[in-house]
Structure formats: C-alpha cells, structure tokens
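Enquirer: Any chance you could fold what I've pasted below:
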Amino acid sequence: MSNLDLAGRHILLAEDDYLVAESLSALLQCLGVTILGPAATTDRALELLAQADRVDFAMVDINLRGAVGFAVADALCARGVRFAFTTGYGASAIPERYRHAAVLQKPFDEADIAKALLTLTI
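Expert: A predicted model of the protein is given here:
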C-alpha cells in the first residue's frame, strides 16, 4: 500500500469493533490520513461529520452497535463524500441506493483496504 498517496486526506471512520477500528486507524495513519473518529455509533459519526470542515472519504460499518449505518451513508451522499461500507453481512445487505459504494467484506486484509481506498480516491 506504499504507493497510495493519502497524505493530508481526511477520513471519517465509523466502526464499532474496537480491534477493527484500531487496526484501520493505525494503517490509515501510516498512510498520512487524518482520521475523524473512530465513531462507534451512528450518532457519533453524524456528529463528527457535522463538525468537520473537510471529509475526503469515509469507511462506515453497516452495523454500529445494533443500529444500521445507513443514516451516515445518507449524510455522506448529501455532502458528496465517497465511502466504503465495512461489513460482515455481504453485499446483499446493502440497499440498491448504495450500490455505488465500495464494500470491504469482513474479515478484510491490507490488500482489500488498498483496493477500496483506490476506488475512493481516484
């Protein structure tokens, strides 16, 4: 992933699994990304998004402590922010209106993350 140039980019990370959030945060920080979050709930993710002057892209877990992350996806769409869903449910759990979003199927690895980031930053 060293060929990704993400320095100075701002990413909203909405993920309720502590280990996944920490792993993604560490990886993204190594790539020079400024992380908004991680947010473990839909409300917190929406709060961070509302407070942010800049969000270049986002990674949103579909299930945030039992609440679906589609409200976060709607807010991102309204701002024109590209995003990837992180999910253990599979693509069938994603409504048609979000089929443009990248999907990271859990468990994912660095190569999967790199592929998703490339689609988000092109």
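Enquirer: okay, and for this structure, where does confidence drop off?
Expert: In the prediction, the chain carries residues with pLDDT under 70 at positions 1-4, 120-122.
Enquirer: Spatially central residue for it, please.
Expert: residue 59 (0.3 Å; C-alpha atoms, centre = their mean).
Enquirer: Shouldn't that residue be within a strand?
Expert: Yes - membership of residue 59 in a strand is supported by DSSP: H, G, I helix; E, B strand; the rest coil.
Enquirer: for stretch 90-98, how far is the first residue from the last?
Expert: Length of stretch 90-98, first residue to last, C-alpha to C-alpha, to the nearest Å: 13 Å.
Enquirer: Just the buried positions in it, please.
Expert: By neighbour count on 16 or more other C-beta atoms under 10 Å, the buried set for stretch 90-98 is 94, 98. C-beta: built from backbone N, CA, C; applies to glycine.
Enquirer: Skipping its backbone neighbours, what lies nearest residue 25 in space?
Expert: In this structure, residue 25 finds its nearest non-sequential neighbour in residue 35, 5.5 Å apart by C-beta to C-beta, 6 or more residues apart in numbering.
Enquirer: quick one: which helix or strand includes the one you found?
Expert: According to DSSP states H and E, residue 35 maps onto strand 34-39.
Enquirer: State the number of residues packed around residue 53.
Expert: As a burial measure, residue 53 scores 5 neighbours (other C-beta atoms under 10 Å).
Enquirer: go on, residue 15?
Expert: Residue 15: 24 surrounding residues under other C-beta under 10 Å.
Enquirer: Quick check: it touching residue 36?
Expert: No - counting by C-beta atoms under 8 Å, residue 15 sits too far from residue 36 to count as a contact (11.9 Å).
Enquirer: and the residue nearest to residue 25, how many residues sit next to it?
Expert: If you count neighbours by other C-beta under 10 Å, residue 35 ends up with 18.
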